[in-house]
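[1] just a sequence and a predicted model for now, questions to come.
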Amino acid sequence: MKPALAPLLLGALAVPAHAQQGTARPDLPVLKEVTTEFPKDREIEARVLTATVQPGTTSPWHTHSAPVVVYVLEGTFTLELKDREAVHRKAGEALLEPVNVAMRAANHGAVPAKVVIFQASPPHAAFLDPVK
């Protein structure tokens, strides 16, 4: 190798491949959690929803038959769980909601909580089931 090329090649190797110009790559995971509760069916439907939870409000109590991932865009999101400790997440954080556990979304903060909700479930399955 010619000595003049060595600094150029070494400089290119010092920069990770994903950081080089023209290569798109995601950031590190916001949430990485293992579960055995994903549905197993012939077809699975991907659902992506958005929601805004206003300060001082809650959703009705409900359950999910398939895991739900919530990513918080703005504010603070609280997941209240029956017989379990509530889970709080702020902007930039995510959580995996448990399956078949009574829960409700809440906003105990002073600003709206904006979230993106992800669920993979059989197409015929309801997104949520109200708790009576």
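    Yes, it's here. Nothing here was measured: the structure is a model prediction, and the numbers come from that model. Numbers count the residues shown, from 1 in each chain.

[2] regarding residue 117, what is its secondary structure?
    The local conformation at residue 117, judged by DSSP: H, G, I helix; E, B strand; the rest coil, is strand.

[3] what's the closest non-adjacent residue to it?
    Once flanking residues are discounted, residue 117 sits nearest to residue 49: 4.4 Å by CB to CB, 6 or more residues apart in numbering. The C-beta positions use only the backbone N, C-alpha and C, and glycine is treated the same way.

[4] contact partners of the helix or strand containing the one you found?
    Using DSSP states H and E, residue 49 falls within strand 45-53. Strand 45-53 is touched from outside by 59, 75, 77, 105-107, 112-123, 127, with contacts defined as CB atoms under 8 Å, 6 or more residues apart in numbering.

[5] what lines up beside it in the sheet?
    strand 113-121 (antiparallel) (DSSP bridges).

[6] would you mark the buried spots in the strand it pairs with?
    113, 114, 115, 117, 119, 121 (16 or more other CB atoms under 10 Å).

[7] and what of stretch 88-97?
    Buried, per 16+ other CB under 10 Å, within stretch 88-97: 88, 89, 94, 95, 96, 97.
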